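Undergrad: just need the structure, nothing else, for what follows:
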Amino acid sequence: MLRVLAVDDEKPALGELLYLLRSDPRVHSADGATDATEALRRIGRALDAGPDDADGIDVVFLDIHMAGLTGLDVARLLAGFASPPLIVFVTAHEGFAVQAFDLKAVDYVLKPVRRERLAEAVRRVSELVESAREPRQPVSSTATASASAAASAQAPHGATVPAVQRGAPDQIPVELGGVTRFVAIDDITYVEAQGDYARLHTADGSHLVRIPLSTLEERWASRGFVRIHRSHLVALGRIDELRLDAGATTVRIGTAELAVSRRHARELRDLLMRHARR
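TA: Numbers count the residues shown, from 1 in each chain. Model (predicted):
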């Protein structure tokens with residue numbers, strides 16, 4: 001059973017959120033705070049009391065735009081604690097999803113909050129909390145060594161692989177009809193710039209995210225994504241063909257044929273040659 005703190009500086013929105021949370025059978029208690037300062041004070045007391053105290057807090061349902069400290073500010077402060085509560089952002093703004101998940105948020109729920117969508121967020125939190133409460137089985141040194149060896153075998157040459165990878169950014173959140181979905185970065189074949197947005201292409205379709213292509217280029221360079229044009233970022237390992245025709249360079253990724261700009265053509269050929277020798 002979850003112990004919840006909901007934070008929103010708009011009292012009607014807070015009241016509605018608390019009503020929905022308290023009607024969920026997985027929620028033991030749900031209290032509210034109308035500003036970040038009050039929320040941090042309550043969370044501090046709960047952390048001082050310990051995780052088994054009756055006033056403990058398992059998860060904070062947190063608005064982003066509030067007077068004074070924002071919800072993102074609160075999340076950054078909580079990240080400095082040894083065992084902070086989980087965080088679910090509840091907001092009317094779609095544009096902060098990437099920042100939210102960078103801060104290890106469990107979920108990102110858009111307002112107006114629908115009962116079914118909130119129930120899904122509660123389910124995710126409940127599973128994580130119950131998993132953390134279960135006693136952990138000891139891991140043999142042999143199993144640990146085998147896992148480390150397997151991870152090292154798959155890592156790029158010269159890369160360092162942590163012994164235990166937790167919360168690795170292997171997915172990117174996308175919003176569709178008020179529902180947050182997660183797209184595996186390894187499934188993305190190429191990315192297309194669309195103004196301040198980027199369209200992620202996979203074998204199964206495409207997804208629009210509000211992130212500039214230049215930001216994704218910087219974040220995903222270590223994952224094998226390279227810029228081939230001002231409008232396209234591609235996964236190097238997904239390129240099926242490189243074509244040179246009358247001085248023009250193109251690449252084929254599945255059924256898509258993408259132009260390579262002159263300034264990127266030579267670098268791309270060199271990268272593909274090095275990739276082929278591995």
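
Undergrad: for the protein, what helix or strand is lowest in average pLDDT?
TA: helix 141-154 (a mean of 39; mean pLDDT, DSSP states H and E).

Undergrad: quick check: the residue positioned nearest the centre of the chain vs Ser231, distance?
TA: Note on the chain: the residue nearest the mean C-alpha position is Phe101, at 3.7 Å, using Cα atoms, centre = their mean. Applying Cβ to Cβ, to the nearest Å, the value for Phe101 to Ser231 is 25 Å. Bear in mind the C-beta positions are built from the backbone N, C-alpha and C, glycine included.

Undergrad: which residues touch Pro51?
TA: Ser83 (Cβ atoms under 8 Å, 6 or more residues apart in numbering).

Undergrad: state the pLDDT value of it.
TA: Note on Pro51: pLDDT of 79.

Undergrad: hey, where'd the helices end up in this protein?
TA: 11-22, 36-49, 71-78, 97-102, 115-133, 141-154, 213-219, 262-277 (DSSP state H).

Undergrad: can you give me the buried ones in the fourth one?
TA: Looking back up the chat, that one is helix 97-102. 97-98, 100-101 (16 or more other Cβ atoms under 10 Å).

Undergrad: and of those residues, the nearest to Val59?
TA: The shortest approach to Val59 among the buried residues of helix 97-102 belongs to Ala100, at 14.1 Å (Cβ to Cβ).

Undergrad: so what's that closest one up against?
TA: Here Ala100 is in contact with 64, 72, 75, 89, 108, 173 (Cβ under 8 Å, 6+ apart).

Undergrad: most neighbours of all those residues, which one?
TA: Of all these, the most densely surrounded is Phe89 (27 neighbours; neighbours counted as other Cβ atoms under 10 Å).

Undergrad: can you pull the pLDDT of that one?
TA: 94.

Undergrad: that one touches Val60, doesn't it?
TA: No: look at Phe89 against Val60 with Cβ atoms under 8 Å: they stay out of range, at 9.4 Å.

Undergrad: ignoring the adjacent residues along the chain, who's closest to Phe81?
TA: Leu47 (6.1 Å; Cβ to Cβ, 6 or more residues apart in numbering).

Undergrad: ok, the one you found touching Leu77?
TA: No: using Cβ under 8 Å as the test, Leu47 is too far from Leu77 to be in contact (11.9 Å).

Undergrad: of these two, which one has the most company?
TA: For Leu47 versus Leu77, neighbours defined as other Cβ under 10 Å are more numerous around Leu47 (18 against 14).
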